[in-house]
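A.B. asks: Here is a sequence with its predicted model. Questions after.
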Amino acid sequence: MINNTLAIGIQGIQDGMVGMENAARKIARGGVDGPQGSAEGAGNLVEPMIDLKLYERSVEASAQVVKTADETLGTLLDIRA
C-alpha cells in the first residue's frame, strides 16, 4: 500500500514537472507568437501563467504525498524494530 502511494506521488511530481515545462515554454514563446507589442501576444500569456501556477501546486501536493508516505513507512519500521 505504501509503495503504491509513493509511486502515485512520484508520478504526480513527474507529470507536474512536464506540465510546468510546457507552460514555461508557452510563456517564453508568448511574445513571439503574437504581433510585436500587441495585446494579442500578451493575452496569450494568461493561460500558460495560470497553468504554471496550477502545476506548481500539483507538484507541491504530490511532494507532500511522498513525504507523508515516507514518514509513515519510517514509523512502521520503527514500530517493527
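C.D. replies: Sure, I can see it. Numbers count the residues shown, from 1 in each chain.
A.B. asks: what is the rounded mean pLDDT of the helix or strand encompassing residue 18?
C.D. replies: Assigned by DSSP states H and E, residue 18 falls within helix 2-33. For helix 2-33, the mean pLDDT works out to 92.
A.B. asks: chain center to it: distance?
C.D. replies: Offset of helix 2-33 from its chain centre (Cα atoms, centre = their mean, to the nearest Å): 5 Å.
A.B. asks: now stretch 55-69
C.D. replies: Stretch 55-69 has its average C-alpha position 8 Å from the chain's average C-alpha position, going by Cα atoms, centre = their mean.
A.B. asks: Then stretch 51-59?
C.D. replies: Distance, stretch centre to chain centre, for stretch 51-59: 5 Å (Cα atoms, centre = their mean).
A.B. asks: which outside residues touch it?
C.D. replies: With contacts defined as Cβ atoms under 8 Å, 6 or more residues apart in numbering, stretch 51-59 is touched by 12-13, 15-17, 19-20, 22-24, 26-27. From N, CA and C alone the C-beta is placed, and that goes for glycine too.
A.B. asks: could you say what helices and strands the helix holding residue 18 packs with?
C.D. replies: When contacts are defined as 3 or more Cβ pairs under 8 Å, 6 or more residues apart in numbering; DSSP states H and E, helix 2-33 packs onto helix 39-43, helix 46-80.
A.B. asks: Alright, that wraps it up for me.
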